[in-house]
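[1] Need a 3D model of the following:
(2 chains)
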Amino acid sequence: MIAFLRAITVRLKALFTTRGSDAALDDDIQAHLDLLTDDYVRRGLSPDAARTAARRAFGGVQQMKESYRAQRGVPIVESLLRDLRDAARSYRRAIGLTAVAIVTIALGIFGPTVTFTMAKAWILDPLPFARPERLVDLRNLDKRTGSVGSVSAADFLDWRRDATSLEELAGYRQADVRLTGVDRAEFVRGATVTPNFFDTLGVTARVGRLFDRVEADANRSKLTVISYAMWRERFHADPAALGQAIRLDGEDYTIVGVLPETFQFTLVGRCDVWRPLVWTAEQAVERRARSVVGLGRLRQGRTVDEARQELTQVAARLASTFPATNANRSVRVLRLADEIRRHHDLGFIVPVMFAIVGCVLLMACVNVTNVMLARTSTRRREMAVRLALGASRGRIVRQWLVEHVALFLAASALGAALAVYGADWISQSIPVENRQYLRNYAVLPVDRTVVLFALSVGALCGLAFGGLTASAGVRADVTADLRDASTRSTVGRSGTRLRAALVVCQVALALGVLISAGLLVLTARNVARVNVGFDPARLLTFQLNLDPRRYGAPADVRGFYERLTGDLARRPGVVAAAAGSLVPFGTDGRGAEFFLDGAADTPPAQTPTVTLSEITADYAGTVRLRLVRGRALSAIDGAESPRSALINETLAARYFPNQDPVGRRFRLGRGTTTAWTVVGMVGDVKNYETIEPADPQVYVPFAQQPRRAMTVVVRTNGNPETQAADARDAVAAIDPNEPIADLTTMADRIRRVTGPFQIIASFVTFFGALTLLLSGVGVYGVISYSWAQRTREIGVRIALGARRQDVGALVLKQIRTFLLAALVPGLLLAWAIGHALQAMLFGVTPTDWRLYLSMTALLTAVALVAVLVPARRAMSIDPMKALRYE
Amino acid sequence: MGKPPVPAEVPYGTLDLMVLKTLDVMGPLHGYRLARRIEQVVEGSLALNQGTIYPALLRLEQQGWIASKWGVTETNRRARFFSITRAGRRQLAAERKGWARTVAMMSRLLEEQ
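    Numbers count the residues shown, from 1 in each chain, chains lettered A, B, ... in the order given. Next up is the predicted model:
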């Protein structure tokens, strides 16, 4: 056995080193001939005669080399190469057919390859940190509601002190900053992190250094690490940037380092400025304000479960020691990779995607297999001749498989090339704002692993479908085939049956794909069509967050926004302008505890929270809220006027059921005495997701409760994007030091939420169309082939008096048989896939009978169109010709 | 009649055995010395095309019975020197036994008349 392996390795090596090995043999031969010649010279021959004699004694050099090479090569590989050459030749003979087959399989392999590219980039690839499997995400868990969120500084420090299962515990929070001292003030995305944050991740600086423990000292915290992108854009990648100061939120921070180009912590999105998070003594004992998220590194050999158990105990201890703040508080520990995965909108659909594109791939394979089977009929004589000449059946089966695998591999390469465009399309379709939260900024590289995946899938399909059809293709009756002089011999009953079975499978798969694709398309349509509760068309939005040092007094804040909205509203092309502290489809927004006026404060556990939004006078008119009762807020609700508020329908239904809420009063916030009077009720608005029910919401006049952080909305006559420059100018005219953020249209904001659904819908629409095409072609191929085979029979039938309609009815009967056979498995498949994707459906149930019916009808129609041509051909057969045929 | 006996062709399969035996006795040799040595031993009773030993050497090397190493010949040419391996010696012993059996069998068969 060992000797055998050794022989194989030596031979295989020889296969790839033919050249070197030939040179060695040449050396040997030359040395040999020299010595022989010398010998002859010593025996007295002239040098010329000696050389001739030497050659004679050596024998034929070429013959010897031939036999040497034959001995050296690997017969299997060489005959495989011969098979490949044969395959290439036979494919060249049918170049059109081959091209169609390759494109068909390539389209089939395209789907799984693109899906795998997503799965790899977003799910399978390990996070780009040191030993990422030991990184865990730690958050506060509210045991009453099950909601998770940030943790307070004091709790965080206690976790860090008591958790022995963690080697490191770092904290971070997103903290955007205003960058001033540059041409134009600007908001920069940033985060503050405990000094051990980068150590915990195992990241090192590209230039300079990151934070170390020393910065834990509050005096030295005015340091910053910047992103590679910022370093390149603002400092032209100049190392001299280190040590320079930049002005962040009005204070100078010294740049100490630059992060690597590839560094990305998706949970905070793209951050350009990282600052150390340092708590003062009183901040360090704060348990009420929860603002950081934990990032831990498990100690070597400890598991996530151990850490979870330990931290849950720590949290339980804190809950009993500090019941006022920590009652019902626990901790949620997840592997960091799992937490990140949860945020990948498209990641969760990958398994279903695989099911759908897998069906499409199978269909493509079936089509090609049918074509290959049809070709066998014309190649039967070739095979029969080969069998008669002594080729073994195994040899012919091998040739058959080689032909298939070669074809499928060529198609896989094409499929992988298509996948580059597919992956790029998906990546480009993702709204820019969403990309920063996706691994690698949503870039989906079709790398070596992906190509390898495509090739393996192709090779497997080639082997499977080649093997499936080998028996039918190769089971040749030598004598019969040789005797049959015509080229129209049939594949035989087994081949025909196999083709019919394949086409039934194909129709069933098509039904499954079409219905599940339909579910996803309907979902996307429903998501996009949801009534958001206001008019989102032609709205421009941007955010401001006034500098607290320069806008300390409420009157200043009020003055700024009143002037800004008034200024904007007067500009040409603008219909109205207003501002709100919570504008739909943004990230801002906050809640307030809600008490009916006259009721005492209830414990936090029993107190409802409502969404609170401060709005300027024209807000309801600008976004076009639907006024249901009472009046909207307006200029009369000034700073000194009675406190008035708008509520939405959900709040009214929940807290003022079956009564007119106008005139009712409530308080917002624990321990407050201010009572707000409801002056009107407006329709519900979707604030974050289109598919979630609205929360109870309160609108109060900005004039009575001014806020520095507001989102400005501008309703325009035409395309709102053309007003973007105007908006910048308007702000700069009032205060050039106030940066604006997230300047975009409302339509864009909504797309950030509905985008993933649209991408999925486009993706499955493409494959649904492909499915229809493939099944149409498949049905056409099989029916037209089988009727071409029966030309003679039909001729006889017509000669015996059958009418042409009868012939047409026969064709229809056959297609009906196919469809009926495919119906039940197809609907079952659709049912299974539909239930698997239930979680991502909206406004449609996985067993929507209308969809089942319409897709079945669609597929039937396609099948009928596909048999139109073969049916007409069969009906127009001339019996005389048909009987002379063959 | 005065016709000289025609040198016989190398019987199939015996060349390998000759090569192994020669290498076993003589130690490492390059192709030419090996061929010469075989010719000397069989004293012209075989028509050996010297070139035919190279495919044989390759075959033996693939079996792991001999090994080769680069060296320099007397005429200062680069050539491979072949030596027998331990597996080769075992094979030689086995074949020698087999050969003896075959010869004994053939002798009995041919003399029995």
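[2] Chain B: strands as residue ranges?
    Under the criterion DSSP state E, chain B contains strands at B:29-30, B:66-72, B:78-84.
[3] Can I get those strands in CSV including mean pLDDT, distance to residue A:312 and mean neighbour count?
    Where you see a C-beta, it was placed from the backbone N, CA and C, and this is true even at glycine. Formatted as CSV, the strands of chain B follow (pLDDT from 0 to 100; distance: least, Cβ to Cβ, whole Å; neighbours: other Cβ atoms under 10 Å in any protein chain shown):
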stretch, mean pLDDT, distance to residue A:312, mean neighbour count
strand B:29-30, 87, 78, 22
strand B:66-72, 86, 67, 16
strand B:78-84, 87, 72, 20
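[4] For chain A, which of these is the nearest?
    Among those, the nearest to chain A by Cβ to the nearest Cβ is strand B:78-84 (3.6 Å).
[5] Restricting the selection to alpha carbons, write the closest one to CSV.
    The C-alpha trace of strand B:78-84 is given here as CSV (Å, rounded to 0.1, in the frame of the first residue of the first chain):
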residue,chain,number,x,y,z
ARG,B,78,26.1,15.5,-14.3
ALA,B,79,24.3,12.1,-14.0
ARG,B,80,22.2,10.3,-11.5
PHE,B,81,23.7,7.6,-9.4
PHE,B,82,21.4,4.8,-8.4
SER,B,83,21.6,2.7,-5.2
ILE,B,84,19.5,-0.1,-3.9
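[6] Neighbouring strands of that strand in the sheet, and parallel or not?
    strand B:29-30 (antiparallel), strand B:66-72 (antiparallel) (DSSP bridges).
[7] Residue of chain B nearest chain A, please.
    For chain B, Cβ to the nearest Cβ, closest residue to chain A: residue B:49, 2.8 Å.
[8] and that residue, how many neighbours?
    16 (other Cβ atoms under 10 Å in any protein chain shown).
[9] In the stretch 501-650 of chain A, mark out all the strands, start to finish.
    Ranges of strands in the stretch 501-650 of chain A, per DSSP state E, counting those that start in this stretch, are A:539-545, A:574-580, A:590-596, A:609-615, A:627-630, A:644-648.
[10] By mean pLDDT, show me the worst of these.
    Among those, strand A:590-596 carries the lowest mean pLDDT, a mean of 86.
[11] ok, and for it, which residues are buried?
    The neighbour-count criterion (16 or more other Cβ atoms under 10 Å in any protein chain shown) identifies A:591, A:592, A:593, A:594, A:595 as the buried residues of strand A:590-596.
[12] Please apply the same query to stretch A:764-775.
    A:764, A:766, A:767, A:768, A:770, A:771, A:772, A:773, A:774, A:775.
[13] helices and strands around the helix or strand where residue A:812 lies, which ones?
    Using DSSP states H and E, residue A:812 sits within helix A:804-836. In terms of contacts (3 or more Cβ pairs under 8 Å, 6 or more residues apart in numbering or on different chains; DSSP states H and E), helix A:804-836 is packed against helix A:350-388, helix A:493-529, helix A:746-789, helix A:791-799, helix A:849-875.
[14] Sketch out the low-pLDDT regions of the chain for me.
    Picking chain A for this. A:1-21, A:70-79, A:213-220, A:344-348, A:376-381, A:388-392, A:471-495, A:605, A:885-886 (pLDDT under 70).
[15] ah, I was thinking of chain B
    The model of chain B has pLDDT under 70 over residues B:1-13, B:44, B:47, B:112-113.
[16] longest helix of it?
    Counting residues, the longest helix in chain B under DSSP state H turns out to be helix B:86-111.
[17] what angle sits between that one and strand B:66-72?
    Between helix B:86-111 and strand B:66-72, the angle comes out at 120 degrees (axes from the mean of the first three to the mean of the last three Cα atoms, to 10 degrees).
[18] Helix B:86-111 and chain A in contact?
    Yes - against chain A, helix B:86-111 shows contacts by Cβ under 8 Å from any Cβ of the partner chain at residue B:87.
[19] List the buried residues of the helix holding residue A:812.
    Under 16+ other Cβ under 10 Å, the buried positions of helix A:804-836 are A:807, A:810-811, A:814-815, A:818-819, A:821-823, A:825-827, A:829-831, A:833-834.
[20] how about the spatially most central residue of chain B, what does it touch?
    Geometric centre of chain B, nearest residue: residue B:18, 2.2 Å, by Cα atoms, centre = their mean. Residue B:18 sits next to B:38, B:41, B:42 when contact means Cβ atoms under 8 Å, 6 or more residues apart in numbering or on different chains.
[21] List buried members of these by neighbour count.
    residue B:38.
[22] Now tabulate the strands of the stretch 501-650 of chain A in CSV and tack on distance to chain B.
    Output for the strands of the stretch 501-650 of chain A, formatted as CSV (distance: least, Cβ to the nearest Cβ, whole Å):
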stretch, distance to chain B
strand A:539-545, 76
strand A:574-580, 84
strand A:590-596, 79
strand A:609-615, 81
strand A:627-630, 92
strand A:644-648, 86
